[in-house]
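Asks: Provided below are the primary sequence and the corresponding predicted coordinates.
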Amino acid sequence: MNNKNSQIVTNDLKHIWHPCTQMKDHETLPLIPINRGKGVYLYDFDDKSYIDAISSWWVNIFGHVNEHISKRVKEQLDTLEHVLLAGFTHKPAVELSEKLVEITPKGLNKVFFADNGSSAVEVALKMSFHYHQNKGENRPLFLSLSNSYHGETIGALSVGDVELYKETYAPLLISCIQTPVPKDQSQESAKEAIVELEKILKERGSEISAFIIEPLVQGAGSMHMYHPLYITKAKKVCEAHGVHLIADEIMTGFGRTGTLFACEQAGVTPDYMTLSKGLTGGYLPLAIVMTTDEIYNAFYCDYNEHKAFLHSHSYTGNPLACSAALATLELFKATDVIGENRKKSAYILEKLQKFKNLKNVKEVRQTGMISAIELKGYKAEERIGLKVYQHGLDNGVLLRPLGHIVYFMPPYIITYEEIDKMIDTAYDAIIKL
Ligand SMILES: Cc1ncc(COP(=O)(O)O)c(C=O)c1O
């Protein structure tokens, strides 16, 4: 590490407590200081480059320092940087709302702003519970899929089911039960899981406010994937029991699964759709909960009826973040991003065939621009993900496996040559394990 790199690392470790990290690991695992980004690349202070194969936690869908997004944010910066969204409004928020209503499934006409994914999940949960209260029903329970992940704040953690994040905080959590996620991408598994959902809702449906799902792909839950038929059927079953369906598209939204939103593949309009991550092209924190007129109207009455949704965050609907989001949507309009993504994901899938012959590979799976290789034969203590991560860094690729799942979620602008490098680096790492 050169002087500049190591100086930053030393200064960082004096004060910064990094997210999702056992800080002691950094005694042996070097922290990577990043000086700048361009396209799919991140560069350290020595100008060593890394292909960001995970879009920096799934947010930079058009890569780093995109000219168009930067320009729009800079323009906004000289016009209005922030204003509260209670009692006030601004053009970027209004324009963004109009555009989102246009492109999300029909019927999602109302837009509630938040500022990060977990807080959007909190909003959807509270809104659903409150809706039922406003309608004179007490439904204190939530339902989610086994193996799900919806964020780290208390409510979001409660509806998640990844033990690693949740276990310690069990005494603090709100009431939530799980129904089995379809075990693979087949229609049969989807149908089997629906039978379980029907059973649970028959028994406890009247206690449940909402069923929250990550449509098609469970991100932090090992990139587990399932068939859209499950969502189509789940919506109907939920409806029959007056249970809301929350589609958490924080990771899957904005083209990641092969359609603009994963719900489109199921032909479903959920009661709530949570959006964040790719929304601003990875520029600024912003999150949104889309919902229906019917739900909005359950809160609309005279103030003294005490039915208003009194939820807020200081940075709700920040104009800079809304401008980044508008610019991101413009990029979808400017070229056939989804069509190009389909070609790239077909190419990735073809390249992944060679992994299937490896004795330490259990499964290769893909949905749109998310591809995963599940390894087998290792104990958790071996931390093989870390070995793949280290090999990736040594060879200029940022891979960040989830335990024994090596996955690719690159920016959509990745070239075919960069795809080759990303996949070949992972392959070399896996054969060396
Ligand atoms: C499906 C899903 N929901 C919610 C979240 C939480 O978002 P944030 O990290 O912005 O709080 C994530 C983050 O990975 C996610 O993948």
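Replies: Thanks, I have the structure now.

Asks: now do the SS call for the one residue in the stretch 151-300 of the chain that gets nearest to the ligand.
Replies: Proximity of the stretch 151-300 of the chain to the ligand (Cβ to the nearest ligand atom) peaks at residue 151, 3.3 Å away. Any C-beta I mention is one placed from the backbone N, CA and C, and that applies to glycine too. Of the three states, residue 151 takes coil under DSSP: H, G, I helix; E, B strand; the rest coil.

Asks: get me the contact residues on the protein for the ligand.
Replies: Residues of the chain lying close to the ligand by Cβ under 6 Å from any ligand atom are 116-118, 121, 149-151, 214, 219-220, 248, 250-251, 276.

Asks: what segments of the stretch 51-200 of the chain are strands?
Replies: Taking DSSP state E, counting those that start in this stretch as the test, the strands found in the stretch 51-200 of the chain are 108-114, 141-145, 176-179.

Asks: the shortest one: which residues count as buried?
Replies: The one in question is strand 176-179. 176, 178, 179 (16 or more other Cβ atoms under 10 Å).

Asks: okay if I get these as CSV plus pLDDT?
Replies: What follows is these, written out as CSV (pLDDT from 0 to 100):
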residue, pLDDT
176, 98
178, 98
179, 98
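
Asks: picking that back up, now the residue of the stretch 151-300 of the chain closest to the ligand. Nearest residue, chain neighbours left out?
Replies: Spatial nearest neighbour of residue 151, excluding adjacent residues (Cβ to Cβ, 6 or more residues apart in numbering): residue 118 at 3.0 Å.

Asks: does the one you found touch residue 153 like I think?
Replies: Yes. Using Cβ atoms under 8 Å, residue 118 and residue 153 qualify as a contacting pair, with a distance of 4.3 Å.

Asks: who's more crowded, those two?
Replies: More crowded of residue 118 and residue 153, by other Cβ atoms under 10 Å: residue 118, with 22 against 14.

Asks: if you rank the residues of the chain next to the ligand by neighbours, which is first?
Replies: residue 150 (34 neighbours).

Asks: tell me how far that one lies from residue 60.
Replies: According to Cβ to Cβ, to the nearest Å, residue 150 and residue 60 sit 21 Å apart.

Asks: quick one: contacts for the residue nearest the centre of the chain?
Replies: When Cα atoms, centre = their mean is applied to the chain, the residue found nearest the centroid is residue 251 (2.0 Å). Residues in contact with residue 251, defined by Cβ atoms under 8 Å, 6 or more residues apart in numbering, are 58, 214, 217, 219, 277.

Asks: please give the element, helix or strand, for it.
Replies: If you go by DSSP states H and E, residue 251 is not part of any helix or strand.

Asks: check residue 21 too.
Replies: Assigned by DSSP H and E, residue 21 belongs to no helix or strand.

Asks: got the phi and psi for it?
Replies: The phi/psi pair for residue 21 (degrees, to the nearest 10) reads phi -140, psi 130.

Asks: swap in the one 3 residues further on?
Replies: Main-chain torsions, residue 24, degrees, to the nearest 10: phi -60, psi -30.

Asks: how close does it sit to residue 211?
Replies: The value you get for residue 24 to residue 211, if Cβ to Cβ is used, is 39 Å.

Asks: then residue 86?
Replies: As for residue 86, its distance to residue 211 is 30 Å (criterion: Cβ to Cβ).

Asks: between the two, which one's more packed in?
Replies: Neighbour tally, residue 86 and residue 211, criterion other Cβ under 10 Å: the higher count belongs to residue 211, 28 against 10.

Asks: count of neighbours near the closest residue to that one other than its chain neighbours?
Replies: Of all residues not flanking residue 211 in the chain, residue 143 sits nearest, at 4.4 Å (Cβ to Cβ, 6+ apart). By other Cβ under 10 Å, the residues close to residue 143 number 25.

Asks: list the contacts for the residue of the stretch 101-250 of the chain at minimum distance from the ligand?
Replies: Here the stretch 101-250 of the chain gets closest to the ligand at one residue, residue 117, 2.1 Å apart by Cβ to the nearest ligand atom. By Cβ under 8 Å, 6+ apart, the residues touching residue 117 are 151, 156, 250, 274, 276, 277, 287.

Asks: now for those residues: which two are most distant?
Replies: Spanning the widest gap among those are 156 and 277, at 13.9 Å by Cβ to Cβ.

Asks: could you pull out the strands in the stretch 251-400 of the chain for me?
Replies: Going by DSSP E, counting those that start in this stretch, the stretch 251-400 of the chain shows strands at 272-275, 287-292, 361-367, 370-375, 397-398.
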